[in-house]
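Chemist: Here is my input; please provide its structure:
(one chain, ligands or ions: 1)
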Amino acid sequence: MTDATPAATLVKKAIRHPMRSIRRLVENAWLASLNETKERDLSMKFLEEAFDIDVEEIVDQYHHSGIAAWMDRRHAQLRDFQGPYRLGHTPRFDCETLYFLVRSLKPNVVVETGVCYGVSSAYILDALRQNGRGNLYSIDLGNTEDEPPNDFFVPLNVRDRWQLIVGDCKEELPRLLEQLERIDLFHHDSLHTYDHMMWEYETAFPHLGEHGVLSSHDVRTIVSLSNPFQQPFATFCERHGLHSVKSRNMGIAIQQKHADSQHRTFPQHSGLYIACLAAEASFTYDPIVR
Ligand SMILES: C[S@@+](CC[C@H](N)C(=O)[O-])C[C@H]1O[C@@H](n2cnc3c(N)ncnc32)[C@H](O)[C@@H]1O
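Modeler: Reported below is the predicted structural model:
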(Lines give C-alpha, C1' and ligand atoms only; values in the text may rest on other atoms or scores of the structure.)
Protein backbone atom coordinates (compact mmCIF):
# COMPACT_ATOMS: atom_id res chain seq x y z
CA MET A 1 0.00 0.00 0.00
CA THR A 2 1.64 3.18 -1.10
CA ASP A 3 0.93 6.54 -2.62
CA ALA A 4 4.62 7.54 -2.62
CA THR A 5 5.89 9.86 -5.34
CA PRO A 6 9.03 8.86 -7.30
CA ALA A 7 12.17 10.66 -6.11
CA ALA A 8 12.97 11.98 -9.60
CA THR A 9 9.58 13.67 -9.76
CA LEU A 10 10.17 15.33 -6.39
CA VAL A 11 13.62 16.57 -7.44
CA LYS A 12 12.21 18.15 -10.61
CA LYS A 13 9.53 19.87 -8.56
CA ALA A 14 12.10 21.13 -6.01
CA ILE A 15 14.16 22.71 -8.81
CA ARG A 16 11.13 24.47 -10.25
CA HIS A 17 9.60 25.59 -6.94
CA PRO A 18 12.30 25.76 -4.25
CA MET A 19 10.28 27.73 -1.64
CA ARG A 20 7.29 25.49 -1.99
CA SER A 21 9.54 22.47 -1.62
CA ILE A 22 11.09 23.85 1.58
CA ARG A 23 7.61 24.40 2.99
CA ARG A 24 6.65 20.87 2.03
CA LEU A 25 9.78 19.48 3.66
CA VAL A 26 9.02 21.28 6.92
CA GLU A 27 5.42 20.14 6.85
CA ASN A 28 6.24 16.58 5.98
CA ALA A 29 8.79 16.44 8.81
CA TRP A 30 6.12 17.75 11.18
CA LEU A 31 3.53 15.26 9.95
CA ALA A 32 6.05 12.41 10.07
CA SER A 33 6.78 13.23 13.70
CA LEU A 34 3.16 12.49 14.63
CA ASN A 35 2.37 9.06 16.02
CA GLU A 36 -0.13 7.51 13.61
CA THR A 37 -1.65 5.18 16.18
CA LYS A 38 -2.34 8.16 18.45
CA GLU A 39 -3.67 10.23 15.54
CA ARG A 40 -6.01 7.39 14.50
CA ASP A 41 -7.21 6.89 18.06
CA LEU A 42 -8.03 10.60 18.37
CA SER A 43 -10.33 10.66 15.35
CA MET A 44 -11.93 7.29 16.10
CA LYS A 45 -12.73 8.31 19.67
CA PHE A 46 -14.22 11.57 18.37
CA LEU A 47 -16.39 9.70 15.83
CA GLU A 48 -17.40 7.05 18.35
CA GLU A 49 -18.61 9.66 20.80
CA ALA A 50 -20.38 11.81 18.22
CA PHE A 51 -22.12 9.06 16.25
CA ASP A 52 -22.44 6.03 18.49
CA ILE A 53 -20.68 3.80 16.00
CA ASP A 54 -19.01 0.42 16.23
CA VAL A 55 -15.48 1.44 15.24
CA GLU A 56 -14.19 -2.10 14.84
CA GLU A 57 -17.01 -3.04 12.49
CA ILE A 58 -16.38 0.00 10.27
CA VAL A 59 -12.63 -0.64 10.16
CA ASP A 60 -13.24 -4.30 9.35
CA GLN A 61 -15.62 -3.37 6.52
CA TYR A 62 -13.05 -0.91 5.19
CA HIS A 63 -10.42 -3.65 4.97
CA HIS A 64 -12.86 -5.87 3.08
CA SER A 65 -14.10 -3.12 0.76
CA GLY A 66 -11.30 -3.45 -1.81
CA ILE A 67 -10.86 0.34 -2.08
CA ALA A 68 -7.25 0.26 -0.83
CA ALA A 69 -6.22 -2.34 -3.42
CA TRP A 70 -7.97 -0.34 -6.16
CA MET A 71 -6.12 2.82 -5.11
CA ASP A 72 -2.78 0.98 -5.11
CA ARG A 73 -3.37 -0.14 -8.69
CA ARG A 74 -4.37 3.35 -9.82
CA HIS A 75 -1.39 4.98 -8.06
CA ALA A 76 0.89 2.58 -9.96
CA GLN A 77 -0.82 3.57 -13.22
CA LEU A 78 -0.47 7.27 -12.39
CA ARG A 79 3.27 6.84 -11.83
CA ASP A 80 3.51 5.33 -15.34
CA PHE A 81 1.37 8.07 -16.90
CA GLN A 82 2.98 9.34 -20.09
CA GLY A 83 2.30 13.00 -19.61
CA PRO A 84 2.21 15.74 -16.98
CA TYR A 85 0.52 15.12 -13.68
CA ARG A 86 0.24 17.08 -10.45
CA LEU A 87 1.12 16.11 -6.90
CA GLY A 88 -1.10 16.85 -3.96
CA HIS A 89 -3.62 14.04 -3.58
CA THR A 90 -4.86 13.30 -0.08
CA PRO A 91 -2.53 10.78 1.60
CA ARG A 92 -3.88 7.31 2.47
CA PHE A 93 -4.06 7.90 6.23
CA ASP A 94 -6.19 11.04 5.82
CA CYS A 95 -8.40 9.37 3.20
CA GLU A 96 -9.13 6.64 5.71
CA THR A 97 -10.14 9.25 8.30
CA LEU A 98 -12.48 10.78 5.73
CA TYR A 99 -13.86 7.34 4.88
CA PHE A 100 -14.52 6.54 8.57
CA LEU A 101 -16.21 9.93 8.99
CA VAL A 102 -18.60 9.26 6.09
CA ARG A 103 -19.32 5.73 7.32
CA SER A 104 -20.08 7.14 10.79
CA LEU A 105 -22.15 10.16 9.79
CA LYS A 106 -24.13 8.42 7.02
CA PRO A 107 -24.79 11.72 5.21
CA ASN A 108 -27.32 12.14 2.44
CA VAL A 109 -25.70 15.19 0.88
CA VAL A 110 -21.93 15.73 0.78
CA VAL A 111 -20.13 18.66 -0.87
CA GLU A 112 -16.37 18.68 -1.42
CA THR A 113 -14.06 21.22 -3.02
CA GLY A 114 -10.80 20.12 -4.65
CA VAL A 115 -10.81 16.93 -6.71
CA CYS A 116 -7.57 16.81 -8.72
CA TYR A 117 -7.63 13.15 -9.88
CA GLY A 118 -10.37 12.05 -7.49
CA VAL A 119 -8.57 10.37 -4.58
CA SER A 120 -10.68 11.86 -1.77
CA SER A 121 -13.80 11.66 -3.96
CA ALA A 122 -13.25 7.91 -4.42
CA TYR A 123 -13.05 7.32 -0.66
CA ILE A 124 -16.15 9.41 0.04
CA LEU A 125 -18.08 7.66 -2.74
CA ASP A 126 -17.06 4.19 -1.63
CA ALA A 127 -18.15 5.01 1.92
CA LEU A 128 -21.53 6.24 0.57
CA ARG A 129 -21.85 2.99 -1.41
CA GLN A 130 -21.21 1.00 1.76
CA ASN A 131 -23.76 3.16 3.62
CA GLY A 132 -26.29 2.45 0.87
CA ARG A 133 -27.28 6.09 0.58
CA GLY A 134 -26.03 9.60 -0.13
CA ASN A 135 -24.66 11.68 -2.98
CA LEU A 136 -21.45 13.62 -3.46
CA TYR A 137 -21.13 16.98 -5.24
CA SER A 138 -17.51 17.87 -6.03
CA ILE A 139 -16.14 21.16 -7.39
CA ASP A 140 -12.80 21.60 -9.14
CA LEU A 141 -11.25 24.00 -11.63
CA GLY A 142 -10.73 21.06 -14.00
CA ASN A 143 -7.71 19.46 -15.60
CA THR A 144 -5.78 20.11 -18.78
CA GLU A 145 -6.25 17.74 -21.72
CA ASP A 146 -2.80 16.19 -21.40
CA GLU A 147 -3.06 15.21 -17.73
CA PRO A 148 -5.22 12.48 -16.11
CA PRO A 149 -8.93 13.33 -15.74
CA ASN A 150 -10.67 14.34 -12.49
CA ASP A 151 -12.20 10.87 -12.22
CA PHE A 152 -8.92 8.95 -12.66
CA PHE A 153 -9.15 7.38 -9.17
CA VAL A 154 -12.95 7.02 -9.02
CA PRO A 155 -14.16 3.42 -9.55
CA LEU A 156 -16.95 2.97 -12.10
CA ASN A 157 -19.27 1.29 -9.60
CA VAL A 158 -19.57 4.41 -7.40
CA ARG A 159 -19.96 7.09 -10.04
CA ASP A 160 -23.77 6.97 -9.99
CA ARG A 161 -23.66 8.86 -6.67
CA TRP A 162 -21.34 11.57 -8.00
CA GLN A 163 -21.82 14.95 -9.59
CA LEU A 164 -18.64 16.73 -10.65
CA ILE A 165 -18.87 20.47 -11.20
CA VAL A 166 -15.99 22.00 -13.16
CA GLY A 167 -15.45 25.64 -12.25
CA ASP A 168 -14.13 28.04 -9.66
CA CYS A 169 -15.39 27.45 -6.11
CA LYS A 170 -15.85 31.18 -5.70
CA GLU A 171 -18.69 30.99 -8.21
CA GLU A 172 -19.78 27.37 -8.05
CA LEU A 173 -19.86 26.79 -4.29
CA PRO A 174 -22.39 29.52 -3.40
CA ARG A 175 -24.50 28.51 -6.42
CA LEU A 176 -24.49 24.82 -5.46
CA LEU A 177 -25.23 25.50 -1.80
CA GLU A 178 -28.13 27.71 -2.75
CA GLN A 179 -29.57 24.87 -4.86
CA LEU A 180 -29.05 22.19 -2.22
CA GLU A 181 -30.08 24.46 0.71
CA ARG A 182 -29.10 21.97 3.42
CA ILE A 183 -26.10 19.66 3.36
CA ASP A 184 -24.86 17.08 5.86
CA LEU A 185 -21.12 17.23 5.25
CA PHE A 186 -18.84 19.85 3.76
CA HIS A 187 -15.27 18.85 2.94
CA HIS A 188 -12.60 21.39 1.95
CA ASP A 189 -9.55 20.46 -0.12
CA SER A 190 -9.16 23.11 -2.82
CA LEU A 191 -6.98 26.21 -2.49
CA HIS A 192 -5.00 26.25 0.74
CA THR A 193 -4.62 29.92 1.52
CA TYR A 194 -5.87 31.43 4.74
CA ASP A 195 -8.42 33.67 3.04
CA HIS A 196 -9.78 30.99 0.74
CA MET A 197 -10.10 28.34 3.43
CA MET A 198 -11.88 30.76 5.76
CA TRP A 199 -14.13 31.85 2.92
CA GLU A 200 -15.14 28.26 2.10
CA TYR A 201 -15.78 27.39 5.75
CA GLU A 202 -17.88 30.52 6.27
CA THR A 203 -19.78 29.96 3.02
CA ALA A 204 -20.64 26.33 3.78
CA PHE A 205 -21.32 26.76 7.49
CA PRO A 206 -24.86 28.23 7.25
CA HIS A 207 -25.91 25.29 5.07
CA LEU A 208 -24.94 22.72 7.66
CA GLY A 209 -27.78 22.19 10.05
CA GLU A 210 -27.41 21.72 13.76
CA HIS A 211 -26.07 18.21 13.23
CA GLY A 212 -24.03 18.77 10.09
CA VAL A 213 -20.29 18.23 9.88
CA LEU A 214 -17.55 20.31 8.32
CA SER A 215 -14.34 18.55 7.38
CA SER A 216 -11.15 19.92 5.94
CA HIS A 217 -7.86 18.62 4.71
CA ASP A 218 -4.64 20.63 5.27
CA VAL A 219 -5.46 21.65 8.79
CA ARG A 220 -1.74 21.40 9.62
CA THR A 221 -0.50 22.82 6.36
CA ILE A 222 1.58 25.99 6.46
CA VAL A 223 -0.72 28.25 4.48
CA SER A 224 1.61 31.26 4.48
CA LEU A 225 5.40 31.29 4.64
CA SER A 226 5.34 34.87 5.90
CA ASN A 227 3.00 33.85 8.73
CA PRO A 228 3.56 30.12 9.33
CA PHE A 229 1.41 30.06 12.47
CA GLN A 230 -1.85 30.94 10.70
CA GLN A 231 -4.28 28.06 11.18
CA PRO A 232 -7.59 28.69 9.41
CA PHE A 233 -9.30 25.53 10.65
CA ALA A 234 -8.45 26.15 14.30
CA THR A 235 -9.38 29.84 13.97
CA PHE A 236 -12.72 28.99 12.39
CA CYS A 237 -13.59 26.40 15.04
CA GLU A 238 -12.73 28.84 17.80
CA ARG A 239 -14.72 31.64 16.19
CA HIS A 240 -17.85 29.48 16.02
CA GLY A 241 -17.30 27.53 19.24
CA LEU A 242 -17.09 24.20 17.42
CA HIS A 243 -16.07 20.88 18.92
CA SER A 244 -13.25 19.60 16.74
CA VAL A 245 -10.50 17.09 16.29
CA LYS A 246 -7.31 17.12 14.24
CA SER A 247 -5.95 13.81 13.06
CA ARG A 248 -2.72 14.12 11.11
CA ASN A 249 -3.60 16.68 8.39
CA MET A 250 -7.35 16.25 8.61
CA GLY A 251 -9.84 18.08 10.80
CA ILE A 252 -13.42 17.34 11.80
CA ALA A 253 -15.77 19.71 13.60
CA ILE A 254 -19.29 19.63 14.97
CA GLN A 255 -21.45 22.06 16.89
CA GLN A 256 -20.52 22.21 20.55
CA LYS A 257 -24.11 21.95 21.74
CA HIS A 258 -24.55 18.82 19.67
CA ALA A 259 -21.35 17.34 21.06
CA ASP A 260 -22.53 18.07 24.61
CA SER A 261 -26.07 16.84 24.36
CA GLN A 262 -26.46 14.32 21.61
CA HIS A 263 -23.64 11.84 21.69
CA ARG A 264 -25.90 8.83 21.59
CA THR A 265 -28.94 10.10 19.74
CA PHE A 266 -27.63 11.73 16.61
CA PRO A 267 -30.32 11.98 13.92
CA GLN A 268 -28.64 10.94 10.72
CA HIS A 269 -30.33 13.27 8.26
CA SER A 270 -30.04 16.73 9.63
CA GLY A 271 -27.65 19.04 11.14
CA LEU A 272 -24.35 20.71 11.31
CA TYR A 273 -21.14 18.85 11.46
CA ILE A 274 -18.04 20.53 10.36
CA ALA A 275 -15.34 18.20 9.36
CA CYS A 276 -12.32 19.67 7.76
CA LEU A 277 -10.00 17.42 5.80
CA ALA A 278 -7.08 19.15 4.40
CA ALA A 279 -4.68 17.83 1.82
CA GLU A 280 -0.93 17.76 1.81
CA ALA A 281 0.61 21.05 1.54
CA SER A 282 0.12 22.99 -1.65
CA PHE A 283 -1.37 26.32 -2.56
CA THR A 284 -1.21 25.55 -6.24
CA TYR A 285 -0.69 22.44 -8.28
CA ASP A 286 1.73 22.91 -11.10
CA PRO A 287 2.03 20.13 -13.62
CA ILE A 288 5.20 18.08 -13.49
CA VAL A 289 6.40 17.53 -17.02
CA ARG A 290 7.89 14.08 -17.30
C1 LIG B 1 -5.14 19.34 -3.02
S2 LIG B 1 -5.83 19.18 -4.62
C3 LIG B 1 -7.21 18.16 -4.28
C4 LIG B 1 -6.82 16.79 -3.95
C5 LIG B 1 -7.96 15.84 -3.89
N6 LIG B 1 -8.88 16.16 -2.82
C7 LIG B 1 -7.43 14.44 -3.73
O8 LIG B 1 -7.61 13.83 -2.69
O9 LIG B 1 -6.81 13.98 -4.68
C10 LIG B 1 -6.51 20.77 -4.87
C11 LIG B 1 -7.45 20.89 -6.04
O12 LIG B 1 -8.17 22.11 -5.85
C13 LIG B 1 -8.44 22.66 -7.08
N14 LIG B 1 -8.67 24.09 -6.89
C15 LIG B 1 -7.79 25.05 -6.49
N16 LIG B 1 -8.39 26.25 -6.43
C17 LIG B 1 -9.67 26.07 -6.79
C18 LIG B 1 -10.79 26.93 -6.94
N19 LIG B 1 -10.72 28.23 -6.69
N20 LIG B 1 -11.96 26.39 -7.34
C21 LIG B 1 -12.06 25.06 -7.61
N22 LIG B 1 -11.04 24.19 -7.47
C23 LIG B 1 -9.86 24.68 -7.08
C24 LIG B 1 -7.22 22.36 -7.94
O25 LIG B 1 -7.61 22.32 -9.29
C26 LIG B 1 -6.78 21.00 -7.39
O27 LIG B 1 -7.23 19.96 -8.22
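Chemist: hang on, residue 252 in a helix?
Modeler: No: per DSSP: H, G, I helix; E, B strand; the rest coil, residue 252 lies outside any helix segment and is strand.
Chemist: Model confidence at it, what's the number?
Modeler: Residue 252 is assigned a pLDDT of 98 by the prediction.
Chemist: likewise residue 33?
Modeler: 91.
Chemist: go on, residue 126?
Modeler: Residue 126 is given a pLDDT of 98.
Chemist: Show the contacting residues for it.
Modeler: 65, 67, 99, 155, 158 (C-beta atoms under 8 Å, 6 or more residues apart in numbering). For every residue, glycine as well, the C-beta is placed using N, CA and C.
Chemist: Highest neighbour count among the residues you listed?
Modeler: residue 99 (25 neighbours; other C-beta atoms under 10 Å).
Chemist: Residues of the stretch 1-150 of the chain that sit close to the ligand?
Modeler: Neighbours of the ligand within the stretch 1-150 of the chain, by C-beta under 6 Å from any ligand atom: 88-90, 113-117, 119-120, 139-141.
Chemist: Let me know whether my guess that residue 88 is in a strand holds.
Modeler: No: remark: residue 88 does not belong to a strand; assigned using three-state DSSP, it is coil.
Chemist: Residue 93 - how many residues pack around it?
Modeler: So residue 93, with other C-beta under 10 Å, has 18 neighbours.
Chemist: so where does it fall, helix or strand?
Modeler: helix 92-105 (DSSP states H and E).
Chemist: how far off helix 92-105 does the helix or strand just after that helix point, in degrees?
Modeler: Sequence order places strand 109-113 as the next helix or strand after helix 92-105, per DSSP H and E. On the basis of axes from the mean of the first three to the mean of the last three C-alpha atoms, to 10 degrees, strand 109-113 is oriented at 160 degrees to helix 92-105.
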